[in-house]
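Participant: Build me a structure from this.
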Amino acid sequence: MNLAAALLLVRFREGDANVRSVWLCTRNDLIQCLAVAATGVAVMITGSRWPDLIVGVLLAAVFLRSAWQITVQARQELKVAGKADLITHSRPSSASV
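Facilitator: The predicted model follows:
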């Protein structure tokens with residue numbers, strides 16, 4: 001199901017912060033599902049906990065990077081929207097002319 005959702009959302013990966021966030025969350029869910037399954041096999045084969053720890057750290061890095069990207073993009077969009085709002089509200093009204 002995650003794969004189908006990711007395929008539907010891939011065209012929005014460069015959209016505004018809201019749409020891009022949905023894409024990144026869906027992509028991250030797919031990555032997590034595949035990584036957890038592969039890690040389970042690696043732990044079973046090796047008998048070690050290291051694959052689980054390594055994949056956990058890598059997944060945390062992927063999730064944190066996505067969160068950072070959305071935060072930066074949203075702040076930029078807010079800054080642009082704020083400037084547009086200032087321009088719109090700085091015009092003199094027709095009543096005062």
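
Participant: In terms of helix, strand or coil, where does the most centrally placed residue in the chain fall?
Facilitator: Central residue of the chain (Cα atoms, centre = their mean): L24, 3.4 Å from the mean position. Using DSSP: H, G, I helix; E, B strand; the rest coil, the secondary structure recorded for L24 is helix.

Participant: in the strand or helix carrying V72, what's buried?
Facilitator: V72 belongs to helix 50-89 when assigned by DSSP states H and E. Neighbour counts over helix 50-89 (16 or more other Cβ atoms under 10 Å) mark P51, V55, L59, V62, S66, I70, Q73 as buried. For every residue, glycine as well, the C-beta is placed using N, CA and C.

Participant: returning to what we had before: now do the contacts for the closest residue to the residue nearest to the centre of the chain other than its chain neighbours.
Facilitator: Spatial nearest neighbour of L24, excluding adjacent residues (Cβ to Cβ, 6 or more residues apart in numbering): S66 at 4.3 Å. Contact partners of S66, counting by Cβ atoms under 8 Å, 6 or more residues apart in numbering, are L24, C25, R27, N28.

Participant: Pull the number of nearby residues for the residue nearest to G15 when sequence neighbours are not counted.
Facilitator: Of all residues not flanking G15 in the chain, W23 sits nearest, at 7.3 Å (Cβ to Cβ, 6+ apart). W23 is flanked by 21 other residues according to other Cβ atoms under 10 Å.

Participant: Spit out the contact partners of W23.
Facilitator: A6, L9, V10, F12, R13, G15.

Participant: do the same with L24
Facilitator: Here L24 is in contact with R13, S66, Q69, I70 (criterion: Cβ under 8 Å, 6+ apart).

Participant: Kindly report the same for G56.
Facilitator: Contacts for G56 (Cβ under 8 Å, 6+ apart) come out as none.

Participant: got the CA positions of stretch 51-58 in CSV?
Facilitator: Taking only C-alpha atoms (Å, rounded to 0.1, in the frame of the first residue of the first chain), the coordinates of stretch 51-58 have been written out as CSV:
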residue,chain,number,x,y,z
PRO,A,51,22.0,-4.5,11.9
ASP,A,52,19.0,-3.3,13.9
LEU,A,53,21.1,-0.5,15.6
ILE,A,54,22.7,0.6,12.3
VAL,A,55,19.3,0.7,10.4
GLY,A,56,17.7,2.5,13.3
VAL,A,57,20.4,5.3,13.2
LEU,A,58,20.0,5.5,9.4
